[in-house]
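In: Predicted coordinates and the sequence they were generated for:
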Amino acid sequence: MSSGGTSGTAMKSAGCGKAPNLQFGKVPNESGTNVGTGEGGWLTIQSAGQQRGFAVRLPANYDMNHPYPLTFAFHWNGGTADQLDTGGSNGYWWAYYGLQRKSNNGMIFVAPQGIGNGWPNSGGRDLTFTDDMVKLLEDNLCVDTTHIITTGFSYGGGMSYELACSRAKVFRAAVIYEGGQLSGCDGGNDPIALWQVEGLTDTTVSMGLATPIRDRFVKNNGCTAQNPPQPPQPPPYLANGGHICTDYAGCSSGHPVRWCVSQSGHGPGPVDGNSDLYNSCATPPKSCSATCPCTWTPDDVWTWLNSF
């Protein structure tokens, strides 16, 4: 999945060849320089009897005839869509968990807003909301329907797990940061590509809540079961070896499982060598460097997404 395109054969959505006709509004809580990067903005739809909203960012120089990957980013408990759209205190460097930057603005990105700032998926309403967003975007934008991805941290990771369980035929891959079964797992028997990270010192969504997700898709994807290595419990926090990722062998074609364990606590951007959960070195006026490290997760996820 290269910047601005896809690997393999793309499947065009109904919106390909149509000039975009979506009426974008201002993303709530965004103003001044604290705004998302690129064309797009806020959309609202009626879903399961409620008005729901989400931020959308279009690729740079959007081409209505080119099918683009579509990536959803679900926020954490108490989070908001604008925090993913802007990247929060880290800015563009961290927008959409760092994947907008890694794609060089080459994908369609979506940050939905949860009711009550969470994803309980009561009565399946958040699943229906996701279905409605996918349909709206496929009908109005040029989406590569073979490259739809879900990402999420904590409660958002739980929502991504629900989509991996129930919509594996719609989504190509699920990227889960510190997630557990928090939004349900309807179905749960189909294979889907899975990238997952869990921190040894995460006491909010513990290892015991994360490993069942991994084990489900190791089984569904036909991978060879194993006991993957992991770093030692801190302290000390290791600059080298602070996280260990394992690619499971034997998985069915197109359904890899990559399982990463860090020494960190509950955060989507663990940093090797310290306990920082907020990518402090990516917050201006600081910048990421060898002496001021930032998280490794955007690079790792992006490399993985381009590997199958």
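Out: Perfect, I can see it now. Source: prediction; values computed, not measured.

In: what about Lys102, how many neighbours?
Out: Burial of Lys102 is recorded as 18 neighbouring residues (other Cβ atoms under 10 Å). Where you see a C-beta, it was placed from the backbone N, CA and C, and this is true even at glycine.

In: show me the contacts for it.
Out: Lys102 sits next to Pro298, Asp299, Val301, Trp302 when contact means Cβ atoms under 8 Å, 6 or more residues apart in numbering.

In: Pull the most distant pair out of these.
Out: Maximum pairwise distance in those, criterion Cβ to Cβ, is 7.5 Å, between Asp299 and Val301.

In: Which one's more surrounded, these two?
Out: More crowded of Asp299 and Val301, by other Cβ under 10 Å: Val301, with 23 against 12.

In: ok but Thr303 is inside a strand, no?
Out: No: Thr303 is assigned helix when assessed by DSSP: H, G, I helix; E, B strand; the rest coil, not a strand.

In: pLDDT score assigned to it?
Out: Looking at Thr303, its pLDDT stands at 98.

In: What separation is there between it and Cys165?
Out: Using Cβ to Cβ, to the nearest Å, we find Thr303 at a distance of 25 Å from Cys165.

In: for Leu127, helix, strand, or coil?
Out: Going by three-state DSSP: Leu127 is helix.

In: any idea how far it is from Ala48?
Out: Per Cβ to Cβ, Leu127 is found 9 Å from Ala48.

In: Those two - which one has more neighbours?
Out: Leu127 (21 against 15).

In: I'd say that one and Ser166 touch.
Out: Yes: counting by Cβ atoms under 8 Å, Leu127 touches Ser166, with 6.2 Å between them.

In: Mutual contacts of these two, please.
Out: Shared contacts of Leu127 and Ser166 (Cβ under 8 Å, 6+ apart): Gly184, Asp186.

In: Quick check: the gap between Thr146 and Leu70.
Out: Separation of Thr146 from Leu70 (Cβ to Cβ): 10 Å.

In: the more surrounded of those two?
Out: Leu70 (26 against 16).

In: Can you classify that one by secondary structure?
Out: strand.

In: Hmm, Gly106 and it touching each other?
Out: No: if you go by Cβ under 8 Å, Leu70 and Gly106 don't touch, sitting 11.7 Å apart.

In: anything in contact with each of those two?
Out: By Cβ under 8 Å, 6+ apart, Leu70 and Gly106 have no common neighbours.

In: Helix, strand, or coil at the residue nearest to Gly242 when sequence neighbours are not counted?
Out: Excluding the flanking residues, the one nearest Gly242 by Cβ to Cβ, 6 or more residues apart in numbering is Asp272, at 3.1 Å. Of the three states, Asp272 takes coil according to three-state DSSP.

In: just the strands in this structure please.
Out: Counting by DSSP state E, the segments of the chain that form strands are 40-47, 50-57, 68-74, 108-112, 143-153, 173-177, 193-199, 243-247, 257-262.

In: could you dump these to JSON lines with distance to Leu277 and mean pLDDT?
Out: Listed next are the strands of the chain as JSON lines, based on distance: least, Cβ to Cβ, whole Å; pLDDT from 0 to 100:
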{"stretch": "strand 40-47", "distance to Leu277": "28", "mean pLDDT": "98"}
{"stretch": "strand 50-57", "distance to Leu277": "23", "mean pLDDT": "98"}
{"stretch": "strand 68-74", "distance to Leu277": "18", "mean pLDDT": "98"}
{"stretch": "strand 108-112", "distance to Leu277": "20", "mean pLDDT": "99"}
{"stretch": "strand 143-153", "distance to Leu277": "11", "mean pLDDT": "98"}
{"stretch": "strand 173-177", "distance to Leu277": "11", "mean pLDDT": "98"}
{"stretch": "strand 193-199", "distance to Leu277": "9", "mean pLDDT": "98"}
{"stretch": "strand 243-247", "distance to Leu277": "13", "mean pLDDT": "98"}
{"stretch": "strand 257-262", "distance to Leu277": "10", "mean pLDDT": "98"}
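
In: Any chance of JSON lines for the ones you listed, columns distance to Cys223?
Out: Putting those into JSON lines (distance: least, Cβ to Cβ, whole Å) gives the following:
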{"stretch": "strand 40-47", "distance to Cys223": "35"}
{"stretch": "strand 50-57", "distance to Cys223": "33"}
{"stretch": "strand 68-74", "distance to Cys223": "24"}
{"stretch": "strand 108-112", "distance to Cys223": "29"}
{"stretch": "strand 143-153", "distance to Cys223": "20"}
{"stretch": "strand 173-177", "distance to Cys223": "15"}
{"stretch": "strand 193-199", "distance to Cys223": "10"}
{"stretch": "strand 243-247", "distance to Cys223": "9"}
{"stretch": "strand 257-262", "distance to Cys223": "5"}
